[in-house]
Every structure is written in C-alpha cells, then in structure tokens.
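> sequence plus the predicted model coming up.
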Amino acid sequence: MPHPATWLRVTEAGLYCDPGDFHIDPTRAVPRAVITHGHSDHARPDHGAVLATAETLAIMRARMGDDRAGAAQQAMAPGEGVMRNGVGIRLVPAGHVLGSAQVVLDWQGSRAVISGDYKRRPDPTCAPFEPVACDVFVTEATFALPVFRHPPVEQEVAKLLESLRLFPDRAHVIGVYSLGKCQRLIALLRRAGWERPIYLHGALMALCALYEELGVALGPLLPVPLSKRGAPPTLAGEVVLAPPSAETTPWARRLAEPVVCAASGWMRVRQRAKARGIELPLIISDHADWDELLATCAEVEAPEVWVTHGREDALIHALSLRDVRGRALHLVGLGEEDEGEAAPVETAPA
Amino acid sequence: MSIPAFAHLLERLVFTPGRNAKLALLRNWFAEQPDPNRGIGLAALTEELKLATAKPALLRDLVAARTDPELLRLSYDYVGDFAETAALIWPDPHGRNMPPPDLAEVVEAMELTPKADLPALIADWMDRLDANGRFALAKLVTGGLRVGASARLARTALAEWSGKEVTEIEEVWHGVAPPYIPLFRWLEGKGPRPDPGAVPIFRPLMLAHPLEDADVAALEPAAWRAEWKWDGIRVQLCAAPGGARIFSRGGEDVTAAFPEIAAALTFEAVLDGELLVIRGGAVAPFGDLQQRLNRKVVTPKMLRDYPAGVRLYDLLTEGAEDLRPLPFDQRRARLEAFVLREQPAHMDLSPQIAFASVAQLSAIRDGARAASIEGLMLKRADSPYVAGRQKGLWWKWKRDPLTIDAVLMYAQRGHGKRSSFYSDYTFGLWRPDGNGGEELVPVGKAYSGFTDEELVFLDRWVRNHTTARFGPVREVEKGLVLEVAFDAAQRSTRHRSGVALRFPRIARIRRDKPPAEADRLENLMLLVPDRSAAD
Ligand SMILES: [Zn+2]
Ligand SMILES: [Zn+2]
C-alpha cells in the first residue's frame, strides 16, 4: 500500500496528486484543479478543468465571472465519486461555508483527506463536517493555539443584541467577510429573533443574493442608503454588515455614531481587537478552534497529519504528544481571505 | 452571576472609546446589579477597591500545572499578557456545573483565606468561569486591573442614573466606602443622605468662564480683583479632624503623590489653590510637575528634585465655619489672616494684582511671558464661592496663544466618532540636516482646533497625499502648512526636537503658504523661556 507521500506532493502551485495529474486548491492557474471552497485563497481564476461542488462553482462564477471560473467545470455532489487515472475522488462536506468540501483521495488502497478550511460548529448556512478515516489528514491550522477556543455563538449574538438594546441611537456596523461569515451571521441573527431588515454594504450584496438563490433564506436585506450631502447620519439601532475596515473609510460617515464590531475568531485576543479599534468584538469563526482541530485529527484516526497553513508549530507539537506524526507543508498563498487576512505579520503563512 | 457580569462590563469599558457610551454602560450597571456587587464593581473600576492580592507567580504555577510548557510558551508569546494567556488557555473543566463566584465572595475570601490555601481557592474559581470571567478574576486577584474609568466619570454616571446633581454626589463621595450601600440607598430615594462626619470631603470647585472680547469693555475695575492664573494643577486641600486629603479639580484623591503637602495639613480648614513645582520661590514649567503626577511611590530624590508647593487662592471653610457664602473680599481677608497665623509649610498666597483700568490690566496680561503663567483670573469682589461655572462671577483671561507655522508630517485615524477620519496630526519644523540641507523634525501632535469643514478637508488631503502607511498612521507628502497655536513651549529631553508644546491645536490651515517657508526649529526655541527667567 503506497504511503500518500509517494503520490501526493507540494509543487509551486500547491498540493498535487501525481497519478491523477491534478492540483487541489492550486494558488496559480493549472490544467486540472479540485477546489474545496469558494474563498479566493483556495479558488483562483483561469484553471483549465475545475472539479467542485455545484455551490462552489456558482460562487466562483459570481466572484470571477463565467469565463474565469474554469474552462471546463464539473459539478459533483457531496458523497458522489469519480475516478481519474485510477485515483478515486470524492467530496465530503467541510462545514466551512456554503459548498465547502473535503477532498477524499483513494489510490491503491491508501487514502488522504484534504480538508481545505473547516469548522465543527453547527452553521445554518451549510452542511456539517463529516469525518472520514484516512492515512493522511491534511488540515489547516488557522487557530492552532490553545488560547483559541471559540465560545458558543449564541453567547456572542446575545452580546450584539444586548448592545443594540443599550445603544439604540447608534448603528452597529459589523466587519465580516463577504463569503460565509456574512450569511452565517445573518442566519444566526434570524435564529435569535432579529426580524428587522439587515443593512448591507454594497460589497456584500451579490453573494447574499447568490446564497438565497441556492436556497439559504436570509430574511429582509437592504442596501445601506446613499448619503446626501449634509443629511443627518442614519440607521440608528440597526445592524449593518460591511467588509472589515469599512468603518475606517468615508463610507461609514453616513452611519449614526457607529458601534464598530467585528466577527472573527481573532477577537478572542484583546490586543487584536484593540489594535483594530473594535468597540464590540464578537468571537465568531468559520474555522475549527484548538480543541476541534485536535478532536478532528483524533476522529479521522490518521497516523499522520499534514498542516497546510497557520500555526503549524503548536499543532504539530500537540500531535506529537498524541503519537501522531505531523508535517508542515508551508503552502504559500493560503489564509489570505476569510480569517487569515486579519492575522498579524508574524503569523501570516510563510 | 456577578463575576461574568463584571467581566462583561469590564470588556465593554476597555473597548469603548466614547465617554457617552461609557456613561451608558455604567448607568446600566448601577440599574441592574444587586448590592453589594454593584458597589464592589464600582470600586474595582475606579481602583478604590482594597483587595488582598496574590502574587503573579501563584497564577503562573497554577497555569503551568495544567498546560504543556511548549504550548504555554507559544501561547504567551502570541498573546503577550500573562493574565490574558492564563484566562484563555485555562482548560474548561468538563462535568462540573458549579455556579460562578460572585464579586463579594471573591473579595471576602481573598481577605480571610490563609496564604497556603489561596492556590486551591483561585483554581476553583477559575474552573467555574469562562474565559472572560477568568480574565477579570486573574486581573483582580493579582492586582493588575486597569480600566481607565475615572471616579469622576463614575460619579457622573451615578448622577445621570439617579437624577441627583453630580456636585451633590461629590460632597458625600469621600465619606462613603465600598460597597457604598448607604450611597445607593440615598440615590434610589430609600435612605437619608450619607453623613460624611469628620472625614475630609471634597467640595466641588468654583470654576471660571473664559473672558470674551465683548465682556472686557463691561468690566468695572472697582468691582473686580485680579490674580495670575498659574499653570499647575488646581487642588483642594482638605484638613479635617478625621484626616487630611489633597483633591484634584475633579475630586480625585491625589494625596499619596504629594506627601510633603499632606504632612503640612495640620490645621482644620479647606483651601483652594494651585499645585506647582516651586524652586527657591520660582515656579518651574508644567513639565516638572508632571514628574510628580500619577506616582504611587514618591522617592526622596523626587521630593528633592521636584519640590511641590501650593499657591493659595481661597479659603472655603475654617474650623467648623463654612465661608463659601461670604463675598470674595471677606474670604480673601480671612485667607490672608489664616496664612499669617498658621504659616503653613509649602504654601504661599497667590498675590493680587492692583489695576486702575482695564487697559492697564490688559497691558499687564500681555507683559507676562513666564511659562508658569497662563494669564489672569478676574474675580468679582462680592462673589460667593459656588460650585461649577456660574457666569459673571469669575473670569479667566488667558494670554493670547503663541503660534508657529508647521508642516504636516503624519496623520493618524481617530477613535469612536472620528474613526473614519484622519484627525490626529503630527507636525514638524525645519532644521539643518547636517549635510548642508534641511530636514523636518516633529515637534508636536494636535487633534483639535479645526472646524468640521476643516476636518473633512484635512482628511481628504491626507488620503490623497499619503506616501507610506504604518497601521493606523499615514506619512504624507511635506506639502501642507498648519498654523499651530499653543500655550507654552518647554525644553524636553523626551522629544527628538528637544522641545515640548503645551496644548497645541490647529489654528488655521495655511493653504497659501509654501512648506519651504514654514517656521524653523530655531524660531520655536526663541519662545522657550529660560528656566532662570521663569516667573
Ligand atoms: Zn476559507
Ligand atoms: Zn483558507
């Protein structure tokens, strides 16, 4: 039985399967790519053939245009499989964002699972992560330090609702990434009983519309109204979602005394929230936290774990204490979108 | 549920830049928390809580016993603060469902528990809290809690919440102690006003209005008294049978920072005056006084190098007699007699300035160049001593500010309402660069003085002329001249330029002036008074 290290290796474009002759989440244009999910650090434009879930392909088309989302696009539902040059390829839900999938590869009796980005908490906007037993588990390590343990999301949403009650004269503007976090936060607010329209920065409109089209109900959404010169600021007491740092641009001046919030796993560390000038940090993440990374590695029963990007030093050390062999892949270019972006220079993937 | 609630308040206060928002959070705390927790929380925030503390090493040992050393090292490296690392990395105990401890329980147990039992006690509390609660607890029990909510802010919130005047609360504040139960009962209308008894209590200060040009002509010289306005810190000296205190203008107790003054409060009276560093009768620049502020421990060397003194303005009470209703002239006579009789150490009288006409007074004001003088104080001869800023009784007539034309060098984004604006400006002046050329050296920072329209202009100018970014700071082209007003310039070894400005603010944007024609550092140096010539 060939060890996955003999048929799966790191090239300049990223992780590459030799016998199958395709890349997984390549960071530059390649002839054949399997894409785990639509975040821009995983899904790049201009590949030849692209294999992904239908949702991921739809997200790629919405973000980069039909002509750049892969010359040949092959949609595959979770659970289905295809063979290529004797390599079995299967997609399994990763629980990260809508359409996100792990890539399960089988070659001559040995199995590697490339998880992409994943989380283990329930998310009303996407299918939950399914652990698959394997010989090598390829994982991210965005929050791989024991200080990162995400509190229950209900608690964080309650913090936001309490602030809305306490400051009815101020708009609450929340920095979120346009794919995943934005829609998840909307869905969480709806579950907590927030029925008012939620206001969106222009940069978030398209993907919310796409989520709705793909069957994820988000309730009433409205664009943040344009400001007229000299008009008083608006949206007091309302929830406004915007890309991170939008509060630092002139766009924010139309909002009534904004309470600047951010929804991110990084908000767990005070200094990070302080440095960004966040008034209400919300610890809501689309990545596995420390406990979940370790639990997942244990569940898939892999004797060997490869780490794509993030805090690989801590994770590999912790795995070694559990007799699991760890290996850092040092994949360049991952962790740029979603929560990787907010990472400080010293933890940016090298 | 008190530690988690307190931890939540703490977190919001620390992250909230705006004063109004802080007040809202405090009002909400007073309204929702039960006694005694709300009072203990209040005392913890204002750093008036006397809590027996554990050594930080105790916390380190507890954490080390529960974590892998390498993972702890990596985590501490990343987080930077040990109490926070401890709070975040502490393993969530499974299968335990004890309610979290409350504030009162923690304060009491820290007092009563023998040292040897402290580790087990603190570990048990940590096990019963979430990360936020553990952070608050770790900071509380190791004495590292710094919130930056002043007692003054807390009293303002109490006033807004209860509908009482803040001056009323200030009158009783120093007579009540944590958890302030009689105070809360009074504020809720359920009990009598707390009786401060024999302890020294703060009397809210009488403040002056700025004198506008239009008011000058209306001044009737015979009805007014003039004094210098000294550039120090306004203080109230309170000597009562139950003890002596030095209060700042806002009612903060600053006694500990000025032990030599406190030791001189051997009489029974309340005095109003200006705290200054005075060497051989000459008032030192404000920068010298700053060396003495906010010190918890005052060394003999500081007492020697920065000797403090109080220049007396007014006498509020003497013995049991309240002099505040008396006219200013009568209080002044009583003050002079008091000083003559008591000869208090480290204190002298603020001299009165004789004048026959407003024109003469104006000339005196323009002639005062010492950095230790901000301008003149004008007090109506018949004015009683009343709390706050009542119009027409006392005027402050500041000297015209000094100005320089400086070049904008860096801009930083503001906070809260201003977070979308580059509203903090670092400006510089020209000096020789040592290679036959010229360079700009930063001389100060200003974030006020401009109008809303000017702010919009400055923000846009910064965004359009950025040459480099460092986090929230932008470096800009050396292309815009700002006229900067300030009250005084002092020598400073802490600034690269060797000079520090007092209250710099943007007076005007000089779009008309080419940057090369802005002022040079040597022009500013001419405005720095010689220490020997001060006063
Ligand atoms: Zn992602
Ligand atoms: Zn990613």
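Looks like it came in fine. Numbers count the residues shown, from 1 in each chain, chains lettered A, B, ... in the order given. Ligands and ions are numbered 1, 2, ... in the order given.

> rest of the way, CA atoms for contacts and neighbours
Will do.

> how far does the helix or strand of chain A with the lowest mean pLDDT sit from its chain's centre?
In chain A, the helix or strand scored least confidently by mean pLDDT, DSSP states H and E is helix A:270-275, which has a mean of 84. Taking C-alpha atoms, centre = their mean, to the nearest Å, one finds helix A:270-275 lying 21 Å from the centre of the chain it belongs to.

> quick one: secondary structure of B:Gln234?
Careful, residue B:234 is Arg and not Gln. Under the three-state scheme (DSSP: H, G, I helix; E, B strand; the rest coil), B:Arg234 adopts strand.

> quick check, pLDDT for it.
Predicted confidence (pLDDT) for B:Arg234: 95.

> how near is B:Arg73 to chain A?
10 Å (C-alpha to the nearest C-alpha, to the nearest Å).

> confirm that residue sits in a helix?
Yes - read with three-state DSSP, B:Arg73 is one of the residues of a helix.

> how about the single nearest residue of the stretch 151-300 of chain A relative to chain B, what does it touch?
Proximity to chain B, evaluated over the stretch 151-300 of chain A using C-alpha to the nearest C-alpha, is greatest for A:Thr248 at 4.1 Å. A:Thr248 is in contact with B:Arg413, B:Ser419, B:Ser420, B:Phe421, counting by C-alpha atoms under 8 Å, 6 or more residues apart in numbering or on different chains.

> is it possible to export those residues to CSV including pLDDT, neighbour count and distance to B:Asp127?
Formatted as CSV, the contacts of A:Thr248 follow (pLDDT from 0 to 100; neighbours: other C-alpha atoms under 10 Å in any protein chain shown; distance: C-alpha to C-alpha, whole Å):
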residue, pLDDT, neighbour count, distance to B:Asp127
B:Arg413, 86, 20, 40
B:Ser419, 78, 22, 38
B:Ser420, 84, 20, 41
B:Phe421, 89, 26, 44
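
> so which of those residues belong to strands?
B:Arg413 (DSSP state E).

> quick one: the helices in the stretch 1-150 of chain A?
A:54-64 (DSSP state H, counting those that start in this stretch).

> got the residues of it near chain B?
A:Leu145, A:Pro146, A:Val147, A:Phe148, A:Arg149 (C-alpha under 8 Å from any C-alpha of the partner chain).

> what sits against the closest residue to A:Thr27 other than its chain neighbours?
For A:Thr27, ignoring the flanking residues on the chain, the nearest one in space by C-alpha to C-alpha, 6 or more residues apart in numbering or on different chains is A:Ala13 at 5.3 Å. Counting by C-alpha under 8 Å, 6+ apart, A:Ala13 touches A:His23, A:Pro26, A:Thr27, A:Arg28, A:Ala29, A:Val30.

> one more: B:Ser420?
So B:Ser420 contacts A:Glu247, A:Thr248, A:Thr249, A:Pro250, A:Ala252, A:Arg253, B:Arg413, B:Gly414 (C-alpha under 8 Å, 6+ apart).

> what do you get if the cut-off is 10 Å, keeping everything else the same?
Neighbouring residues of B:Ser420 by C-alpha atoms under 10 Å, 6 or more residues apart in numbering or on different chains: A:Ser245, A:Ala246, A:Glu247, A:Thr248, A:Thr249, A:Pro250, A:Trp251, A:Ala252, A:Arg253, B:Arg413, B:Gly414, B:Asp459.

> leaving out chain neighbours, which residue sits closest to B:Gly191?
That would be B:Arg185: by C-alpha to C-alpha, 6+ apart, it lies 5.0 Å from B:Gly191.

> any idea how far chain A is from that neighbour?
B:Arg185 is 24 Å from chain A, by C-alpha to the nearest C-alpha.

> what do you get for B:Asn28?
B:Asn28 is 8 Å from chain A, by C-alpha to the nearest C-alpha.

> contacting residues for A:Pro146?
A:Pro146 touches A:289-291, A:314-315, A:318, B:67-68, B:71-72, B:74-75, B:85, B:88-91, counting by C-alpha under 10 Å, 6+ apart.

> which residues in the stretch 1-150 of chain A form strands?
A:8-11, A:14-17, A:22-24, A:32-34, A:49-52, A:72-75, A:81-84, A:87-93, A:101-107, A:110-114, A:136-141 (DSSP state E, counting those that start in this stretch).

> and the last one, how far from the chain's centre?
Taking C-alpha atoms, centre = their mean, one finds strand A:136-141 lying 15 Å from the centre of the chain it belongs to.

> who does that strand pair up with?
strand A:110-114 (parallel), strand A:304-310 (parallel) (DSSP bridges).

> now the longest one: average pLDDT?
Going back to what we said before, that points to strand A:304-310. For strand A:304-310, the mean confidence score works out to 94.

> hmm, back to that, now the helix or strand in which the residue nearest to B:Gly191 is found: buried residues?
Following DSSP states H and E, one finds B:Arg185 within helix B:181-187. Buried residues in helix B:181-187, defined by neighbour count with 16 or more other C-alpha atoms under 10 Å in any protein chain shown: B:Ile181, B:Pro182, B:Leu183, B:Phe184, B:Leu187.

> check which helices and strands it sits against.
helix B:37-45, helix B:151-162, helix B:166-173 (3 or more C-alpha pairs under 10 Å, 6 or more residues apart in numbering or on different chains; DSSP states H and E).

> which one, of those helices, ends up nearest to chain A?
Comparing the helices and strands packed on helix B:181-187 by C-alpha to the nearest C-alpha, helix B:151-162 comes nearest, at 13.9 Å.

> helix B:37-45 and that closest one, what's the angle between them?
On the basis of axes from the mean of the first three to the mean of the last three C-alpha atoms, to 10 degrees, helix B:151-162 is oriented at 160 degrees to helix B:37-45.

> quick one: is helix B:151-162 near chain A?
No - Helix B:151-162 stays clear of chain A (C-alpha under 10 Å from any C-alpha of the partner chain), getting no nearer than 13.9 Å.

> what residue in the stretch 51-200 of chain A comes nearest to chain B?
Counting by C-alpha to the nearest C-alpha, the stretch 51-200 of chain A gets nearest to chain B through A:Val147 (4.7 Å).
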